[in-house]
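Participant: next comes the sequence, and after it the predicted model I'd like to discuss.
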Amino acid sequence: LANEYNISEGLVNDILKKKDRWLSVDTNSYQANLKRKKKTLFSLIEEALVIWVDNTFKASLIITDNILSTKAL
């Protein structure tokens, strides 16, 4: 299984140890459909850019395409 799904054998063992828990999950429940969001480098950069744009608007400054492109880099 580990090779087939490209995961570690330890993960397969952990899943099998908790098989009763996983088999009893209601697949239509809210919790079953949650996905864990992982912050990526781009999401952190985007978050910083949004804060900068917000602060710039609050200061009544004008943001040109060139300024935005430069700041994004």
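Facilitator: Perfect, I can see it now.
Participant: can we go C-alpha only for contacts and neighbour counts from here?
Facilitator: OK.
Participant: what is the neighbour count of residue 28?
Facilitator: By other Cα atoms under 10 Å, 8 other residues sit near residue 28.
Participant: so what touches the lengthiest helix in the chain?
Facilitator: Identified as the longest helix of the chain according to DSSP state H is helix 41-58. Contacts to helix 41-58, defined as Cα atoms under 8 Å, 6 or more residues apart in numbering, come from residues 62-63, 71-72.
Participant: ok, now stretch 61-69?
Facilitator: residue 56.
Participant: run the chain-centre distance for that stretch.
Facilitator: 28 Å (Cα atoms, centre = their mean, to the nearest Å).
Participant: now do that stretch, average pLDDT.
Facilitator: On average, the pLDDT along stretch 61-69 is 87.
Participant: go on, stretch 2-20?
Facilitator: In the prediction, stretch 2-20 has an average pLDDT of 90.
Participant: can you measure across it, start residue to end residue?
Facilitator: One end of stretch 2-20 sits 20 Å from the other (Cα to Cα, to the nearest Å).
Participant: again with stretch 56-67
Facilitator: 11 Å.
Participant: report the distance from it to the chain centre.
Facilitator: 28 Å.
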